[in-house]
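S.K.: Take this sequence and fold it.
(one chain, ligands or ions: 1)
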Amino acid sequence: MDIAGRIAIVTGGASGIGRAVCEVLAEAGARGVVIADVDAQGAAETRARIEADTAAEGLAVATDVSDEDQVAALVAATIERFGRIDILVNNAGICPMVPWDQTDLASWNRIIEVNLTGAYLCCRAVLPHMRAQRSGRVVFISSAGAFMGSVTGHVAYGASKAGMLALMKVVAKEFAAEGVLANAIAPGSIDTPITASFGPENKRKYAEAATLKRQGTTRELADAVLYLVSDRSTYLNGATLHVNGGSLLV
Ligand SMILES: NC(=O)c1ccc[n+]([C@@H]2O[C@H](COP(=O)([O-])OP(=O)(O)OC[C@H]3O[C@@H](n4cnc5c(N)ncnc54)[C@H](O)[C@@H]3O)[C@@H](O)[C@H]2O)c1
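M.R.: From the prediction side, this is the model:
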């Protein structure tokens, strides 16, 4: 799955799934990988890794995806350096464990703001470039939580991730005729700092819930992203891939 010469923006690329996506896209021939994350140090580490291991050029841009001005600056920096944007992976996300009784408006708003509004702001800033090129791929990293509601006592998280799927479908419908395809991935439990933060007992439960009896790896998730942004995927639009080891079978 060759993506030679493509320019990608990966939000949340400083850690976990986003870092693996940056690495896999760089290995598959991307010319430039832009790592957009609030964690500037982690983003710089991802950049150093891909430049050490591949021919891709990295660009780390400290970005809070929920901030309109910072997202505009991210896109401007990408265009200034690389001249185009072929791939946007809306991966940045937060998943604090805030059960119903502790969910106040501020915590609800922050989760929606980062996970859903952040994806909207990135699409709004990137799409004019893809539309002008008449080509582009947008991938939304949603969650099995969008289908299950709550996994570990979260309230706003599932809503934010279900909202991402509806947003993905809007983009898929609006821009396919202009050469821009949009799809989502709904990961099950993947071994990253987020799932580690829920403790070993929850990690064990997540592994047990999958038919494969283990959590997924970040590389397994990133390979699915590569498929969606590569020329091997040309008739998939508005779809959600369930990369979850069979944990949602009923
Ligand atoms: N790990 C899982 O099991 C799992 C399952 C389903 C969905 N997801 C989703 O996958 C995505 C990546 O999660 P992960 O498990 O790799 O977690 P992670 O914590 O390792 O990575 C998330 C990254 O997003 C960044 N980030 C957080 N807020 C941001 C903001 N406002 N602006 C820019 N960057 C921000 C963080 O700094 C971090 O680098 C998230 O959207 C998460 O909801 C993860």
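
S.K.: Spatially, which residue comes closest to Gly136, not counting chain neighbours?
M.R.: Leaving out its chain neighbours, the residue that sits closest to Gly136 by C-beta to C-beta, 6 or more residues apart in numbering is Met130, at 2.8 Å. In short, each C-beta sits where N, CA and C put it, glycine included.

S.K.: Output the set of residues of the protein in proximity to the ligand.
M.R.: Within reach of the ligand by C-beta under 6 Å from any ligand atom, the chain has these residues: 11-12, 14-18, 37-39, 42, 63-66, 91-95, 114, 118, 141, 143, 187, 189-190, 192-195.

S.K.: Show me the residue at the heart of the chain, geometrically.
M.R.: The central residue of the chain, meaning the one whose C-alpha is nearest the mean C-alpha position (C-alpha atoms, centre = their mean), is Asn91 at 1.9 Å.

S.K.: pretty sure that one is touching Cys22, no?
M.R.: No: with contact taken as C-beta atoms under 8 Å, Asn91 and Cys22 are classed as non-touching, separated by 9.6 Å.

S.K.: so what sits against both of these two?
M.R.: Jointly contacting Asn91 and Cys22 under the rule C-beta atoms under 8 Å, 6 or more residues apart in numbering are 10, 13.

S.K.: any idea how far the residue of the chain positioned farthest from its centre is from Val71?
M.R.: Among the residues of the chain, the one whose C-alpha is farthest from the average of all C-alpha positions is Asp101, by C-alpha atoms, centre = their mean at 29.0 Å. Distance check for Asp101 against Val71: by C-beta to C-beta, to the nearest Å, it reads 33 Å.

S.K.: List the buried residues for the longest helix along the chain?
M.R.: With DSSP state H applied, the helix covering the greatest number of residues in the chain is identified as helix 156-175. Within helix 156-175, the residues scored as buried using 16 or more other C-beta atoms under 10 Å are 156-165, 167-169, 171-172, 175.

S.K.: Past that helix, which element shows up next along the chain?
M.R.: Going down the chain from helix 156-175, the next helix or strand is strand 180-187, by DSSP states H and E.

S.K.: What's the mean pLDDT across that next one?
M.R.: Averaged across strand 180-187, the pLDDT comes to 98.

S.K.: Could you figure out how far it is turned away from helix 156-175?
M.R.: Relative orientation of strand 180-187 and helix 156-175, computed by axes from the mean of the first three to the mean of the last three C-alpha atoms, to 10 degrees: 160 degrees.

S.K.: Any idea how many residues pack against Ala48?
M.R.: The burial metric for Ala48, expressed as a neighbour count using other C-beta atoms under 10 Å, is 12.
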